[in-house]
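>>> Fold the following.
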Amino acid sequence: MAPGEPAARLRHPAKLLDAVAVRGRALAEPRRAGEENSTVEPQTRIALRQAVRDAWAEGVEHAVQLSVLAEAGPPDDASLAAAGFEPVLLAAIDRGQG
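Residues are numbered from 1 along each chain as shown. Below you'll find the predicted structure:
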């Protein structure tokens, strides 16, 4: 199947969302274990933020990414902010969802 074919175009966003989920879980684990200030957190936060940016650049809407992150488990607004979802963006997404 050629890269421009529809099925190939659908697989790429799915892989990007998988990356968002994996990195979201990686950020959530230390927080759930009570290790909010671990030395790993800045690296996982940067990796998650990059995954979110990559998905957005490929046309994956923020609301879809938030849904994936909710399932992955970042537990609070601070985690979402660490992923690049600033409060203003979250409010805009809420307004857009009706």
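
>>> all contacts plus neighbour counts: C-alpha atoms, from now on.
Will do.

>>> longest single helix anywhere in this protein?
helix 6-32 (DSSP state H).

>>> List the buried residues in it.
Across helix 6-32, burial judged by 16 or more other Cα atoms under 10 Å covers 13, 16-31.

>>> Over to stretch 62-82?
For stretch 62-82, burial by neighbour count (16+ other Cα under 10 Å) applies to 62, 65-66, 68-70, 72-75, 79-80, 82.

>>> just checking, what packs against the longest helix of the chain?
Helices and strands touching helix 6-32, by 3 or more Cα pairs under 8 Å, 6 or more residues apart in numbering; DSSP states H and E, are helix 41-57, helix 62-72.

>>> residues in contact with the last one?
In other words, helix 62-72. 17, 20, 21, 22, 24, 25, 28, 52, 55, 56, 93 (Cα atoms under 8 Å, 6 or more residues apart in numbering).

>>> and which of those residues is nearest to residue 39?
In terms of Cα to Cα, no member of these lies closer to residue 39 than residue 28, at 13.8 Å.
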